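# Take this sequence and fold it.
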Amino acid sequence: MLYGANGYTGKLIAREAKNRGLNPILAGRHKEAIPRLARELGLEFRVFGLETPSFILESISQADLVLHCAGPFSQTSTPMMQACLAGKTHYLDITGEIEVFEAIRKHNTIAKQRGVMLLPGVGFDVVPTDCLALNLKKYLPDADRLLLAFDARGGPSRGTALTMIEGLKTGGKVREEGMLRNVPFAYKTMEVPFVHKKLWSTTIPWGDVSTAFHTTGIPNIEVYGATRKSTIRMMKLLRPFRGLLGTRLVQKTLKQRVARSVTNPTAKERAKTKSYIWGKVLNASGESREAHLVLANGYDVTVEAALGTVEHFMANDPEPGVQTPARILGEHFIRTLPNVEMRFET
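Numbers count the residues shown, from 1 in each chain. Modelled structure (predicted):
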C-alpha cells in the first residue's frame, strides 16, 4: 500500500510503481484526489485518515507492507506505524526528521515481537547518505567521527517546505559521544569540497544524525547543508527567536506563505538538477577517508530508492525490528539506482 499517494512525491512514486508493474493499493485522506489518481492508473484505492486507529488497521489489512509518504511525519508516522504493528504489516516511510527516527526506534522490541519490520527513511532522506556512511566506515573501521554534507539542487516541494517549517521548533542537532545534542541554528560552518566545487555549508538537523549512528556505530556525527553565507548569517540571527518560531501563530503564518508561494518542481526542472553528497570519517589517530556521491534530483532519488526498497522486500524476507537502509539493504544498494556515481578519495 502507498499512503499519501496524492502528494507530490506520492504521485511520482505511484506512477513509477505502475510502470514497474508493482500495482500498489493507493491510499490517503483526500476523497477526490485518491480515486481520481487510482482511476488514471487502473489501481485499487482506499480513502482514510489517520485519526481512528481501528479504521487505519482495517484499511491496511490487505497489505503486507505500507510505504508511508504523507508528511509532516512528525504528525502522521505514529498512527500509521502503530497500526502496522497491530496488523503485523511492514512499515516503510520517506521521512528525514530526526524526531521521527528516534520515536520509531523506541518500538524496536515490540516490532521484533510482532515480526514487523520498521524501516523509516527510504528516500533521498536517508538512503544515499546512509550507504555512503557505511562505505566510509568499512574503509576506516575505527572511525569515531563522521561528517556528511549535501548540495541538493532544485527547490523543495510544498510538503518538504512544510516539514522544514516544522523543524524550526527544535533547532539544530548533532551527535556527540553517541548522544543527540540540541545546538543552535548554524552551529558550525565549513567550506565543503564537493566534487563539483567548494561550497560554504552549515550544520542542519538531517536524519543521519539519528540513523548513521545505528548504521555505523560512529559516535560523533554532523550533517551539513550547502547554503549562502547570507543565509548562514540569517540563521545565526534567528537563534534567540527559536521559541517564537515554534509557536502556533508563527507556524500557521509560515505554512500559509508556503501554500501560496511554493510550487512543486516540474519534470523538466528535476531533470536539470543533480544532488551532490560528500562524506568524511576520521579516527583518533588523525587518519581520514573521504568519498563523494553524484545523483539525480532528490525527488527522483526518492522514487528510485523507495521502490527499489519495496522490490528488495518482495524478493527477500524483511527482518523484524527497527532497521536503517544501509544496514538492511547493504552499503552498495545505492549503486543499484540509476545515474549514481560514487568516488573515493585516495
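
# Just the element for N182, please.
Using DSSP states H and E, N182 sits in strand 179-183.

# Mind giving me the packing neighbours of that strand?
strand 172-176 (3 or more CB pairs under 8 Å, 6 or more residues apart in numbering; DSSP states H and E). Heads up, the C-betas are built off the backbone N, CA and C, glycines and all.

# got the contact list for the strand it packs on?
Strand 172-176 is contacted from outside by 98, 180-188, 203-205, 209-210, 213, 219-222, using CB atoms under 8 Å, 6 or more residues apart in numbering.

# hey, what's W200 bridged with?
Counting by DSSP bridges, W200 is bridged to E191.

# burial count for it?
Look at W200: counted by other CB atoms under 10 Å, it has 15 neighbours.

# hang on, the earlier thing: of the contacts of strand 172-176, which belong to helices?
Residues of the contacts of strand 172-176 located in helices (DSSP state H): I98, V209, S210, F213.

# what about the first one, neighbour count?
The number of residues packed near I98 is 22, by other CB under 10 Å.

# burial of the nearest residue to it once chain neighbours are set aside, as a residue count?
Counting by CB to CB, 6 or more residues apart in numbering, S210 is the residue found nearest to I98 once chain neighbours are left out, at 4.7 Å. Residues near S210, counting by other CB under 10 Å, number 27.

# how much space between S210 and R46?
Distance, S210 to R46, using CB to CB, to the nearest Å: 30 Å.

# contacting residues for T129?
L148, F150, W206, D208, A212, V223, I277, G279.

# Let me have those in a markdown table, extended by distance to V192 and neighbour count.
Putting the contacts of T129 into a markdown table (distance: CB to CB, whole Å; neighbours: other CB atoms under 10 Å) gives the following:
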| residue | distance to V192 | neighbour count |
| --- | --- | --- |
| L148 | 10 | 26 |
| F150 | 9 | 27 |
| W206 | 14 | 26 |
| D208 | 15 | 30 |
| A212 | 17 | 28 |
| V223 | 11 | 26 |
| I277 | 10 | 24 |
| G279 | 10 | 26 |
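
# And those residues, which is closest to N339?
Among the contacts of T129, I277 lies closest to N339 (CB to CB), at 13.5 Å.

# And that closest one, what's its pLDDT?
Looking at I277, its pLDDT reads 96.

# Could you do L162 as well?
64.

# ditto for T170
Looking at T170, the pLDDT reads 74.

# mind listing what it touches?
I98, E99, N182, P205, G246.

# So it: helix, strand or coil?
coil (DSSP: H, G, I helix; E, B strand; the rest coil).

# which residues in the stretch 101-250 of the chain form strands?
117-119, 145-152, 172-176, 179-183, 189-193, 198-203, 220-226 (DSSP state E, counting those that start in this stretch).

# Derive a PyMOL selection command for the buried subset of the contacts of strand 172-176.
This is the PyMOL syntax for the buried subset of the contacts of strand 172-176, where burial follows 16 or more other CB atoms under 10 Å:
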select buried, resi 98+180+183+185+186+187+203+204+205+209+210+213+220+221+222
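
# since we're on I328, how many residues are nearby?
18.

# Can you pull the phi/psi pair for it?
Backbone torsions for I328, taken as degrees, to the nearest 10, come to phi -100, psi -30.

# picking up where we left off before, the residue nearest to I98 reaches F101, doesn't it?
Yes: between S210 and F101 there is a contact under CB atoms under 8 Å: 3.9 Å.
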